[in-house]
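In: model the following, please.
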Amino acid sequence: MNSATLSPGSGVLADWAVRGGLLVASWGLRRATRRTDRDRQLSRLEARAAAEAALAERDALIRRAGTFPF
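Out: Have a look, this model is predicted:
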């Protein structure tokens, strides 16, 4: 099953959502570093890596799908 979006506008919205989530994750990493909570920092690093991987996968799917004739 292909998870590429059919509407180009929804891709932009999803991009904003993921990038916003990455901003929140980076803020959390800075906060965890200040608090020196190693477990929390590691979990946030994993979450950020997962979000970046998902964004890269979504971008690759959109590139492979090409443009839709609307």
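
In: do a quick rundown of the helices in this protein.
Out: Secondary structure of the chain by DSSP state H: the helices cover 8-35, 38-65.

In: in JSON lines: those helices, plus mean neighbour count.
Out: Placement of C-beta: from N, CA and C, glycine included. As requested, the helices of the chain are exported to JSON lines (neighbours: other CB atoms under 10 Å):
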{"stretch": "helix 8-35", "mean neighbour count": "13"}
{"stretch": "helix 38-65", "mean neighbour count": "13"}
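
In: a markdown table for those helices, including mean pLDDT?
Out: Formatted as a markdown table, the helices of the chain follow (pLDDT from 0 to 100):
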| stretch | mean pLDDT |
| --- | --- |
| helix 8-35 | 79 |
| helix 38-65 | 86 |
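
In: residues contacting Val12?
Out: Under the criterion of CB atoms under 8 Å, 6 or more residues apart in numbering, Val12 has no neighbours.

In: ok, it to Ala32 distance?
Out: 30 Å (CB to CB, to the nearest Å).

In: what does Arg19 give?
Out: 20 Å.

In: what does Arg48 give?
Out: 11 Å.

In: same deal with Gln41?
Out: In terms of CB to CB, Gln41 sits 4 Å off from Ala32.

In: and what of Asp39?
Out: Asp39 is 9 Å from Ala32, by CB to CB.

In: please apply the same query to Ala56.
Out: In terms of CB to CB, Ala56 sits 24 Å off from Ala32.

In: how about the contacts made by Asp59?
Out: With CB under 8 Å, 6+ apart, Asp59 has no contacts at all.

In: ok, Leu29 touching Gln41?
Out: Yes: counting by CB atoms under 8 Å, Gln41 is a contact partner of Leu29 at 6.3 Å.

In: chain center to stretch 13-20: distance?
Out: How far stretch 13-20 lies from its chain's middle: 7 Å, per CA atoms, centre = their mean, to the nearest Å.

In: not counting its own residues, what contacts it?
Out: In contact with stretch 13-20 (CB under 8 Å, 6+ apart) are residues Thr5, Ala51, Ala54, Leu55, Arg58.

In: ok, so of those residues, who is nearest Ala25?
Out: Nearest to Ala25, judged by CB to CB, of these is Ala51 at 6.5 Å.
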